[in-house]
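Enquirer: would you be able to build a 3D model of this:
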Amino acid sequence: MKVYVSADMEGVTGVVDAEDVQPPGRDYERSRVLMTEDVNAAVRGAYATGATEVLVNDAHGPMRNLLPDLLDPRALLIKGRPKPMGMMEGLTSDHDAAICVGFHARAGVLGVLSHSFMGHEIEDIWLDDHLTGEIGLLHAAAAAHGVPLAVLTGDDTACAEMKSWDPTVATVPVKYAKDRFAAQLLPLTEARDAIESTTTESLRTLTKPDPHPGPRTLTVRWQSASVASHLTAIPGVTRHDDRTVTLEADMLQLYRLFNLFLRVCSAVTSNPPYC
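Expert: Prediction:
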């Protein structure tokens, strides 16, 4: 069994503020340890189920957050950026399951550190006609590979967003949002035990996702009209109004091109992707 882990940071146990997740924030270094330990819990759960390989992709911000010296030595790690497939770099159809650790709710939802990829640069994303964020796009891209998303961890709002996309995905709420920068936290040991046990249980009952037929449509509404204008240079991108662009393609190509969108936005606004 080959298991893939995409690791974000805002939904990690104990994390509630930008100072926790953005270098050189005063608690960022401590949060790197918290993030690594949440990932380790998922890795332990995967190997307890009989995994033969676990590949971890550091998917947050600079993508240099996980601490290799503290990471479970059985796990392989993808670290750094840029990566053509961003938060799902390294995922292939050879994997039997995907796990999302430390994820957060989409922009506009009252969840801990909620946003969609770029902090304040993206107002909304639609996949076909469905509002989405990082959770929905990664779920859809994994399904396009034929890989089931088995587990997602994060705050209760992120878990609810996952269930609205696919109720079969097991979720682990490690904190309960009180506001965008406040939460009631689970004790660290309890949260990590829950991640490990849920991972073990979920990997025992995997079901292949149904493939989505044909191309899909991605629509992104940006804060900046300048970003939308620059994106029209990409073949296939159309602009509906000053700040909204649309692209149609197969899901994996959409995801790859969306990561190009983020790099264009970063260059135009001088703001790095937040993820």
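
Enquirer: pretty sure residue 226 is in a helix, no?
Expert: Yes - counting by DSSP: H, G, I helix; E, B strand; the rest coil, residue 226 is part of a helix.

Enquirer: isn't it right next to residue 270, touching?
Expert: No - judged on Cβ atoms under 8 Å, residue 226 makes no contact with residue 270 at a distance of 11.5 Å. For every residue, glycine as well, the C-beta is placed using N, CA and C.

Enquirer: so for these two, which sits in the more crowded spot?
Expert: Neighbour count, other Cβ atoms under 10 Å: between residue 226 and residue 270, residue 226 has more, with 14 against 7.

Enquirer: just the pLDDT at the more buried one, thanks.
Expert: The per-residue pLDDT reported for residue 226 equals 96.

Enquirer: which residues in the stretch 51-200 of the chain form strands?
Expert: Applying DSSP state E, counting those that start in this stretch to the stretch 51-200 of the chain gives strands spanning 53-58, 75-78, 97-103, 122-127, 130-132, 149-155, 170-179, 182-185.

Enquirer: could I get these as TSV with distance to residue 163, mean neighbour count and mean pLDDT?
Expert: Shown next, in TSV, are the strands of the stretch 51-200 of the chain (distance: least, Cβ to Cβ, whole Å; neighbours: other Cβ atoms under 10 Å; pLDDT from 0 to 100):
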stretch	distance to residue 163	mean neighbour count	mean pLDDT
strand 53-58	23	23	98
strand 75-78	27	18	98
strand 97-103	13	28	98
strand 122-127	17	19	97
strand 130-132	14	17	97
strand 149-155	9	30	98
strand 170-179	6	20	98
strand 182-185	18	16	98
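
Enquirer: so which of these gets nearest residue 263?
Expert: Closest to residue 263 of the strands of the stretch 51-200 of the chain, according to Cβ to Cβ: strand 122-127, at 13.5 Å.

Enquirer: other SSEs contacting that closest one?
Expert: Other helices and strands packing on strand 122-127, by 3 or more Cβ pairs under 8 Å, 6 or more residues apart in numbering; DSSP states H and E, are strand 130-132, helix 134-144, strand 216-222.
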